[in-house]
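K.L.:
Predicted model follows, preceded by the sequence.
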Amino acid sequence: MNYLIDENKFFDIWSEKLTIPVVAIDIVIFTIYKWELCLVLWNDKKRFKDKYAIPWWIVAKWFSLEENFDNILERETWIKWVYKEQLYTFWSPSRDGRGHVISISYYALVNVNNLITNVNFTKVDLVKYNEINDNEFVYDHKKIIKYAKQRLDWKLEYTNIAKDLLSPYFRIAELQNIYETILWTKIDKRNFQKKIFKLWLIKETGELDKSTNRPAKLYIFVDKELKIYEVI
């Protein structure tokens with residue numbers, strides 16, 4: 001793949017003669033691994049002095065934000081084809097000590113099978129969300145991560161966004177585990193299933209998961225694209 005930015009010219013942007021802010025894209029990547037909410041983080045501890053960073057890069061001109069996002073995601077993680085959503089613009093002049101960098105932030109959801117198949121673990125680490133702390137991150141990346149987590153929590157309440165963290169065919173217990181893992185709360189099984197079916201969020205496939213001693217029905221999401229529902 002031809003990357004959008006020539007790394008040999010990258011550091012020209014920090015010239016004191018530059019009179020406009022530098023624009024970057026920062027990406028918070030969530031996945032569910034072994035029923036833990038995890039982040040995909042840069043592990044270049046030498047470069048960042050033993051701190052983590054979320055994947056980011058400077059925006060290349062003449063390309064759309066979506067093209068820049070896809071380029072950054074692939075070049076820095078090797079991951080492709082994720083759900084992505086623009087979060088917020090972080091603009092504080094002091095957020096990066098090298099210069100005034102405006103961050104157009106996104107969050108992305110990646111299915112664990114996509115992650116394991118494609119990710120370059122020489123570049124990134126998989127870190128449990130509930131084990132991170134403020135001192136582990138460069139710039140304002142922890143602030144961006146918290147904002148992304150809040151957005152994810154909200155979206156679970158009124159959309160089918162959980163589909164982007166599950167396999168195409170799943171047991172309803174797996175769907176409930178997604179909600180409990182992200183929201184950090186136990187959910188009553190009967191109430192959960194009642195609400196999910198009432199919203200026509202999922203439907204039976206007519207097939208069974210026979211990977212355990214207790215075969216269970218397999219489901220798929222009714223809508224493949226993101227859809228807004230009543231509050232779950």
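P.N.:
Now that the structure is in, tell me what you want to look at. Numbering: from 1, shown residues only.

K.L.:
name the helices or strands packed onto the helix or strand containing residue 194?
P.N.:
Per DSSP states H and E: residue 194 is located in helix 189-198. Under the contact definition 3 or more C-beta pairs under 8 Å, 6 or more residues apart in numbering; DSSP states H and E, helix 189-198 sits against helix 172-183. (C-beta placed from N, C-alpha, C; glycine too.)

K.L.:
mind running it again at 10 Å?
P.N.:
helix 172-183, strand 202-209 (3 or more C-beta pairs under 10 Å, 6 or more residues apart in numbering; DSSP states H and E).

K.L.:
Least reliable of these by average pLDDT, please.
P.N.:
Among these, strand 202-209 has the lowest mean pLDDT, at a mean of 91.

K.L.:
which of the helices and strands packed on helix 189-198 sits most buried?
P.N.:
When those are scored by mean count of other C-beta atoms under 10 Å, the highest mean neighbour count falls to helix 172-183 (a mean of 17).

K.L.:
what comes up buried for the top helix by length along the chain?
P.N.:
Longest helix in the chain by number of residues (criterion: DSSP state H): helix 141-158. Going by neighbour count (16 or more other C-beta atoms under 10 Å), the buried part of helix 141-158 is 141, 142, 143, 144, 145, 147, 148, 149, 151, 152, 155, 156.

K.L.:
what's in contact with the helix holding residue 194?
P.N.:
Residues from elsewhere that reach helix 189-198, judged by C-beta atoms under 10 Å, 6 or more residues apart in numbering: 160, 162, 172-173, 175-176, 179-180, 187-188, 201-203, 219, 229-232.

K.L.:
Now do the buried residues in that helix.
P.N.:
Those would be 192, 193, 195, 196, for helix 189-198 by 16+ other C-beta under 10 Å.

K.L.:
now for the helix or strand containing residue 115, which elements pack on it?
P.N.:
Take DSSP H and E as the rule and residue 115 turns out to sit in helix 112-118. Using 3+ C-beta pairs under 10 Å, 6+ apart as the contact test, the elements touching helix 112-118 are strand 22-33, strand 36-42, helix 65-77, strand 124-128.
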